[in-house]
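**Student:** quick one: sequence and predicted model below, then my questions.
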Amino acid sequence: MLAPPGIIADQKGKIGIVKRYYFHLVDGNDIIPDHVGVEATDLEEARREALKAIHEFRRESPDSAAEWKDWRIDVADASGTTLLSINLSDLSVWENERKRISLM
């Protein structure tokens, strides 16, 4: 199904307005800002995309995972408001979420 510009239909046919979310990497002292962001219809989809990015990073660089233990991904909207945070050190959470996402 084709949707008008700015509106997207997901795989299940759910229609939503596309928003841009940014995945900033943050620890106690440093911030690596995401200047590009990703498009998603809602925060849940953005969270799934963030978890997929964590999984991909861990798959590509398994030996560097320990270096990121104090970091988190802050998911922000276009205004810069942090909507949720995902700790990179919380392996059980992201692993369970990755499994759940792969079932969708």
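**Tutor:** Cool, the structure landed. Numbering: from 1, shown residues only.
**Student:** ok, the closest residue to residue 21 other than its chain neighbours - contacts?
**Tutor:** Excluding the flanking residues, the one nearest residue 21 by CB to CB, 6 or more residues apart in numbering is residue 46, at 3.9 Å. All C-beta atoms are positioned from the backbone trio N, CA, C, and that covers glycine. Shown in contact with residue 46 (CB atoms under 8 Å, 6 or more residues apart in numbering): 19, 21, 38, 40, 75, 83.
**Student:** parallel or antiparallel, list what pairs with the host helix or strand of the last one.
**Tutor:** Using DSSP states H and E, residue 83 falls within strand 82-87. Each strand that pairs with strand 82-87, with its direction, by DSSP bridges: strand 72-76 (antiparallel).
**Student:** gap between the strand it pairs with and the chain center?
**Tutor:** Taking CA atoms, centre = their mean, to the nearest Å, the mean C-alpha location of strand 72-76 is offset from the chain mean by 7 Å.
**Student:** what residues does that strand touch?
**Tutor:** Contacts of strand 72-76 (CB under 8 Å, 6+ apart): 21-27, 43, 46-47, 50, 53-54, 82-88.
**Student:** same thing but at 6 Å, please
**Tutor:** For strand 72-76, the surrounding residues in contact (CB atoms under 6 Å, 6 or more residues apart in numbering) are 21-24, 26, 46, 50, 82-87.
**Student:** if we can go back for a sec, any idea how far residue 53 is from the residue nearest to residue 21?
**Tutor:** Note on residue 46: its distance to residue 53, by CB to CB, to the nearest Å, is 11 Å.
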